[in-house]
Every structure is written in C-alpha cells, then in structure tokens.
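*Asks:* Structure for this input, please:
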Amino acid sequence: MSSSSAHQPRNPAAPTSATRGRVIFVGTGPGDPDLLTLGAIAALADASAVILDSDRQSEILSHPAITLAEGAEVATLGTGETGRPLSASARAKIVLRHAAAGSRVVRLVTGDPFLDNAVADEAAACVRGGIDFEVVPGVSSLTAVPEYAGIDLIHAGGVQFASVTDGKFSKANTGQWGSAATIVISTLVSMVGGMVDAALAAGRAGTDHVIVTLHGGSTEQITLPTTLDGLVEAVASIKAPGLDPLHVIVGAAAEQRRELSWYETKPLFGWRVLVPRTKDQAGPMVARLRTYGAHSEEVPTISVEPPRSPLQMDKALRGLVEGRYEWVVFTSVNAVKALREKFDEYGLDARAFSGLKVAAVGSVTAESLQAWGIEADLVPTGEQSSAGLAAEFPAFDEVLDPINRVFLPRADIATETLTAGLTSLGWEVEDVTAYRTVRATPPPAPVREAIKSGKFDAVVFTSSSTVRNLVGIAGKPHPSTIIAAIGPATAKTCEEHGLRVDVVAHKPSVVELADSLASFAAERRDAFLAEGEPVLKPSQRRTSPRRRV
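*Replies:* Sure, this is the predicted structure:
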C-alpha cells in the first residue's frame with residue numbers, strides 16, 4: 001500500500017449497494033379509519049410492508065383514502081403461544097425481520113404510538129439493529145374513546161390517564177387512582193379483573209360510577225354504564241375476546257354521559273348494510289354510510305370481462321389516435337378502466353387525448369378520469385345519468401365542430417338512451433362494446449344465509465342489474481331488511497322481484513342514496529323514541545314480517 005493511500009480518510013458518504021431499511025410507527029387512532037392523518041396515508045402509500053397490531057386493523061386498509069403500493073406485504077403480529085400479546089422484544093424481532101431486507105416498514109399502532117402502546121421498546125430495538133425509525137403520531141384512544149362515548153373530560157374534576165396492556169397494575173402506576181376525580185384506563189378485556197383490584201386497593205369505592213367502552217370509535221362500539229364492583233360482570237356479559245381493547249372511565253366524568261351520547265345514536269349506528277358492488281366501485285357510498293355509523297359489506301354482483309372480439313375496440317383506438325373523433329364519452333368507471341387497459345396494451349398514455357373533448361356521466365367517473373390525468377370537459381350538473389348527460393350535451397355545430405363523431409365505449413348491456421340523445425343533437429355516435437358484464441359467482445354461504453335470514457339491516461341497490469343479479473346469485477333479502485333504491489327505475493325492478501322499497505334517493509347518486517337511507521333511519525328512530533320503545537335495528541325485529549308486494 002502506498003503512503004498516499006494509507007492516509008486517505010474513509011468517505012462516510014460513499015455509495016453502498018444495499019438499501020437501508022426504515023420503520024415508521026404510525027398511529028391509527030382508536031378505530032375510526034376517518035381519523036387517519038395525512039402523514040399516515042402518505043406513509044402507507046410508500047410502504048413495502050405493513051404490520052398490523054391485530055386483524056381488526058385490516059378494515060383501515062380498505063378505507064377509500066388508503067392506497068398501498070403494488071406488492072406491499074401485509075402481516076399481523078398476532079399473539080404468543082400462550083395466547084397473550086407478544087412481548088415488546090418479540091414484536092421488535094418481527095419488525096426488524098421485515099426491515100432488514102431494506103424494506104420500508106409501516107407498523108400500524110392503535111391510538112398514538114408512544115402514548116397508548118408500549119412501542120418505545122420496539123423503536124429502541126430498531127436503533128440497536130441499525131434500522132432508522134420515525135413516528136407518525138395518531139389520535140390517542142385515551143382521549144378519543146371517551147369523546148366517542150359522550151364523556152366530557154373538561155368538567156371531570158381533573159383526569160388521570162393510564163394505558164396498561166401488559167396486565168401489570170403496579171402500585172407505582174396506580175397509587176394516585178384513589179385521589180383522582182376521574183380515571184381513564186386503556187386495557188384489555190382479560191385484564192379487567194386486575195384493573196378493578198388495583199383501583200379498589202388504591203382507595204376507590206366499589207360504588208363509583210363507571211363507563212366501559214369496547215371497540216371505541218368503530219361501528220361495533222359498545223358502551224355500558226356500571227359501577228366499579230359491577231365492572232367485571234358487565235364486561236363478561238358482552239362475551240368479547242380477551243385480547244379486545246377496552247376503555248374504562250371511573251369517577252366524576254362517568255356520571256355525565258346521558259346528555260352527550262352522540263356516536264352510538266347516529267341514525268345507522270351498528271347497521272349491517274349490504275352494498276351489491278365491488279370494493280373499488282363502492283368506495284364513496286361506503287365512506288358516506290360510515291359517517292352515519294353503518295358497517296358495510298360489499299358483495300359483487302357482476303364480473304367485468306373483455307369483449308368477445310377486440311377488433312371493434314382496436315379500430316376505435318386507432319381512430320382516436322388519428323383524430324377521427326370530436327368527443328369521447330364515458331358512462332362508467334369500468335369504461336374508463338377498459339380503455340386505459342387498451343392504451344397500456346398499445347403503449348399509449350393520456351397524452352393521446354390531446355385535442356379531444358371528454359365527457360363523463362357523473363362525478364365518480366370524472367374522478368376516475370382525473371386519476372388517469374384527464375380532466376373531463378363535461379360532467380352533468382343535474383341528473384348524473386345517461387339521460388342527464390344527453391340533456392346537457394351540446395348540439396353539433398358545423399361552424400364550431402370540425403368533426404361530428406363521438407366515441408362511446410360502453411358495456412355490452414348498456415341502454416340506447418345516450419346514443420339516441422346524441423344522435424338527435426346531430427352527432428354521429430360510434431357505439432363500441434368496451435367490456436362485458438356477466439353475473440358474478442355467488443357469495444360465500446354465510447353471506448347468502450345472512451341475506452335470506454335477515455341478518456343484514458339494509459340493502460342499497462344502485463341499478464336494476466344489481467337487483468336482478470343479487471337475487472339470482474344469493475336469493476331475496478329477508479322481509480325485515482330495509483330496501484333502498486337509487487331511483488324510480490331501480491325501485492320498479494325491486495318491486496318486480498317481490499321486494500317492497502322503503503327508500504328511494506331524491507337524486508340518482510350513491511352518496512344521495514346513503515343520505516336518504518340515513519334520513520329514513522333517523523325518522524324510524526325518532527318514531528320508536530316517541531312511542532317509548534327501544535330503538536332496535538331491523539335485524540333485531542322479527543315479530544311482524546313485512547308483506548311482499
């Protein structure tokens with residue numbers, strides 16, 4: 001080695017061939033996916049691996065605001081061999097194993113990472129393992145769950161918070177419980193007995209008012225009033241798994257809930273709503289139903305397949321590129337998807353639409369175009385349907401329009417309403433089958449049984465085809481199930497299949513349909529209260545079967 005090279009300092013910034021792993025601890029809030037921060041959404045979008053606290057968090061990943069990178073691995077920590085939660089070191093080993101390969105790992109944590117859960121040891125293990133970490137704070141369940149339960153902590157006479165998920169209620173941690181006006185404790189179902197013993201040992205009275213909330217912030221939230229002496233029995237009556245989280249409010253604040261309960265009194269709270277659409281189509285409706293407290297389950301009733309012969313689409317695509325058309329009109333998200341896939345097949349992108357005018361039948365279809373980088377020139381401001389689009393479409397003008405052709409990629413079963421409307425305006429419409437819709441395979445047996453036996457509280461139909469196909473693959477909904485239709489035509493199809501329609505949306509929009517169902521449920525709830533009856537969900541009322549039409 002030469003003397004000159006022997007004294008050269010090492011370059012700490014020299015490039016390396018390996019990508020350094022990174023762990024992001026992301027707080028998800030207590031259970032409501034709408035509480036995710038923008039930072040949480042961004043972290044998930046960049047993740048190569050996502051690690052969940054439990055399977056209950058998988059609902060968060062189905063939220064319409066969440067997009068995972070293609071190929072992102074999703075894993076759940078689970079429990080140890082004894083059925084108890086994993087220790088911090090065991091959790092850290094799983095996290096490090098994913099990060100060691102250079103992955104960008106998002107570790108989803110219920111509530112706030114450092115306030116609600118003991119993840120500091122996991123973070124420290126990352127440092128020892130040479131893995132960088134960062135934290136995306138979340139809404140703490142210690143403060144959020146009391147609010148979801150209708151508890152006013154400001155007037156609680158001073159509050160002491162405690163998060164105990166390891167079952168270790170030491171005197172050092174619980175010694176102040178006796179003197180605090182209000183205590184808010186986050187723990188697990190299996191640890192309630194130890195929590196009660198610790199509170200009594202600290203000097204709390206067995207007659208102290210208690211509010212206990214399970215699954216806080218989710219559409220499965222349950223809140224019960226009890227006393228410290230009756231807490232174990234109250235929790236046992238719910239028959240929840242031992243590892244389910246719960247929050248206990250003891251003392252002054254627990255006496256105030258009667259007037260402030262807001263979450264569990266939402267019009268659709270706890271309703272199980274069947275949405276006969278695919279997940280990607282149902283996003284806006286599911287998000288809206290969730291704001292009213294409903295839990296939605298999507299059941300696809302159709303399957304989208306390519307046309308039997310691609311020749312017509314190939315010819316239309318060449319015409320689009322060569323400037324054959326003045327307008328391209330999209331009547332569904334599926335039409336956008338079908339044409340986009342055809343573009344990918346030919347190595348084309350959204351730039352091929354340069355100079356073309358684009359119309360979308362509604363806002364959802366327009367958003368799908370925006371995701372492709374295309375801004376629609378025309379979206380109906382009134383009725384968002386083929387008839388509504390035809391009513392607002394401009395007539396052909398020989399002076400202003402150099403070409404009189406319209407490209408209309410559509411489903412094989414689409415109606416002729418739009419074609420006839422555009423033709424009457426002077427346009428030459430090239431109506432091309434872009435995709436076929438076939439009846440989907442039947443849903444799993446438990447779902448079919450739930451539909452027939454009335455375990456769903458409501459079904460929301462967004463088209464006549466969803467009515468026909470759902471009845472075809474799963475049978476008729478039970479007479480007690482509330483039937484909601486997006487418009488008169490869909491309602492008529494429901495009646496033709498022997499279903500009495502309870503709700504018809506004021507406008508043909510999936511969001512409007514969700515709003516109309518919620519209004520119906522609110523009026524139903526108010527009627528129960530006015531008669532002094534308990535507010536039961538449709539699935540809970542079996543005494544008077546509804547007449548079929």
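*Asks:* could you list every residue that touches the residue nearest to residue 158 when sequence neighbours are not counted?
*Replies:* Once flanking residues are discounted, residue 158 sits nearest to residue 181: 4.9 Å by Cβ to Cβ, 6 or more residues apart in numbering. All C-beta spots, glycine's among them, are computed from the backbone N, C-alpha and C. Shown in contact with residue 181 (Cβ atoms under 8 Å, 6 or more residues apart in numbering): 156, 157, 158, 159, 251, 252, 253.
*Asks:* the strands in the stretch 1-150 of the chain, which residues?
*Replies:* Using DSSP state E, counting those that start in this stretch, the strands of the stretch 1-150 of the chain run over 22-27, 49-52, 73-76, 104-109, 132-136.
*Asks:* would JSON lines of those with mean pLDDT and distance to residue 432 be doable?
*Replies:* Shown next, in JSON lines, are these (pLDDT from 0 to 100; distance: least, Cβ to Cβ, whole Å):
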{"stretch": "strand 22-27", "mean pLDDT": "94", "distance to residue 432": "45"}
{"stretch": "strand 49-52", "mean pLDDT": "93", "distance to residue 432": "40"}
{"stretch": "strand 73-76", "mean pLDDT": "90", "distance to residue 432": "38"}
{"stretch": "strand 104-109", "mean pLDDT": "93", "distance to residue 432": "42"}
{"stretch": "strand 132-136", "mean pLDDT": "93", "distance to residue 432": "46"}
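*Asks:* Near residue 457, how many other residues are there?
*Replies:* 23 (other Cβ atoms under 10 Å).
*Asks:* which secondary element of this protein has the worst mean pLDDT?
*Replies:* In the chain, the helix or strand scored least confidently by mean pLDDT, DSSP states H and E is helix 3-6, which has a mean of 41.
*Asks:* Can I get the buried part of the contacts of residue 181 as one PyMOL selection?
*Replies:* Remark: buried members of the contacts of residue 181, expressed as a PyMOL selection using 16 or more other Cβ atoms under 10 Å:
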select buried, resi 156+159+251+252+253
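*Asks:* In helices, which of the contacts of residue 181 appear?
*Replies:* Residues of the contacts of residue 181 located in helices (DSSP state H): none.
*Asks:* ok, of the contacts of residue 181, which one's closest to residue 48?
*Replies:* If you rank these by distance to residue 48 using Cβ to Cβ, residue 159 comes first, at 40.1 Å.
*Asks:* So that closest one is in contact with residue 185, correct?
*Replies:* No. Counting by Cβ atoms under 8 Å, residue 159 does not reach residue 185; the two are 10.9 Å apart.
*Asks:* how about residue 539, secondary structure?
*Replies:* helix (DSSP: H, G, I helix; E, B strand; the rest coil).
*Asks:* per-residue pLDDT, the closest residue to it other than its chain neighbours?
*Replies:* Setting aside the residues directly before and after it, residue 539 is nearest to residue 457 in space (Cβ to Cβ, 6+ apart), at 4.9 Å. As predicted, residue 457 sits at a pLDDT of 97.
*Asks:* what's the answer for the one 10 residues further on, then?
*Replies:* Reported pLDDT at residue 467 in the predicted model: 95.
*Asks:* That one: which element?
*Replies:* Secondary structure from DSSP states H and E places residue 467 in helix 464-474.
*Asks:* Can you tell me how far the residue nearest to residue 158 is from residue 251?
*Replies:* The gap separating residue 181 from residue 251 is 5 Å, by Cβ to Cβ, to the nearest Å.
*Asks:* next one: residue 167
*Replies:* Counting by Cβ to Cβ - residue 167 and residue 251 are separated by 22 Å.
*Asks:* Would you agree residue 325 falls within a strand?
*Replies:* No. Residue 325 is assigned coil when assessed by three-state DSSP, not a strand.
*Asks:* Contact partners for the residue nearest the centre of the chain?
*Replies:* By Cα atoms, centre = their mean, the chain has its centre lying nearest to residue 63, at 2.9 Å. The contact partners of residue 63, taken as Cβ under 8 Å, 6+ apart, are 33, 34, 36, 287.
*Asks:* Could you find which two of these are furthest from each other?
*Replies:* 36 and 287 (12.4 Å).
*Asks:* neighbour count winner among the two?
*Replies:* For residue 36 and residue 287, the more surrounded residue by other Cβ under 10 Å is residue 36, and the numbers stand at 23 against 18.
*Asks:* Might one say that that one is in contact with residue 29?
*Replies:* Yes. Judged on Cβ under 8 Å, residue 36 makes contact with residue 29 at a distance of 6.7 Å.
*Asks:* ok, now how distant is the nearest residue to residue 362 once chain neighbours are set aside from residue 148?
*Replies:* Using Cβ to Cβ, 6+ apart and skipping the chain neighbours, the partner closest in space to residue 362 is residue 384 (3.4 Å). In this structure, residue 384 and residue 148 are 34 Å apart, going by Cβ to Cβ.
*Asks:* same check, this time on residue 74
*Replies:* According to Cβ to Cβ, residue 74 and residue 148 sit 26 Å apart.
*Asks:* Tell me which of those two has more neighbours.
*Replies:* Legend: neighbour count by other Cβ under 10 Å for residue 74 and residue 148, higher for residue 148 (23 against 15).
*Asks:* pLDDT below threshold where in the chain?
*Replies:* 1-19, 80-83, 118, 257-258, 279-280, 414-415, 542-549 (pLDDT under 70).
*Asks:* Could you chop it up by domain?
*Replies:* Taking automatic domain parsing as the reference, the chain has its domains at 22-139, 142-259, 272-301+442-540, 305-439.
*Asks:* Show me the contact partners of stretch 300-320.
*Replies:* For stretch 300-320, contacts defined as Cβ under 8 Å, 6+ apart pick out 276-278, 325, 328, 334, 337-339, 342-343, 346, 348, 352-353, 356, 407, 409, 412, 430, 432-441, 465-466, 469-470, 473.
*Asks:* Please identify the buried residues of that stretch?
*Replies:* Neighbour-count burial for stretch 300-320 flags 300, 301, 302, 304, 307, 312, 313, 316, 317, 320 (criterion: 16+ other Cβ under 10 Å).
*Asks:* end to end, how far does it reach?
*Replies:* 32 Å (Cα to Cα, to the nearest Å).
*Asks:* now the top strand by length along the chain and helix 464-474, what's the angle there?
*Replies:* Secondary structure of the chain per DSSP state E: the longest strand is strand 428-439. Put simply, strand 428-439 runs at 20 degrees to helix 464-474, going by axes from the mean of the first three to the mean of the last three Cα atoms, to 10 degrees.
*Asks:* Help me confirm that residue 246 comes into contact with residue 189.
*Replies:* Yes. Using Cβ under 8 Å, residue 246 is in contact with residue 189, at 5.8 Å.
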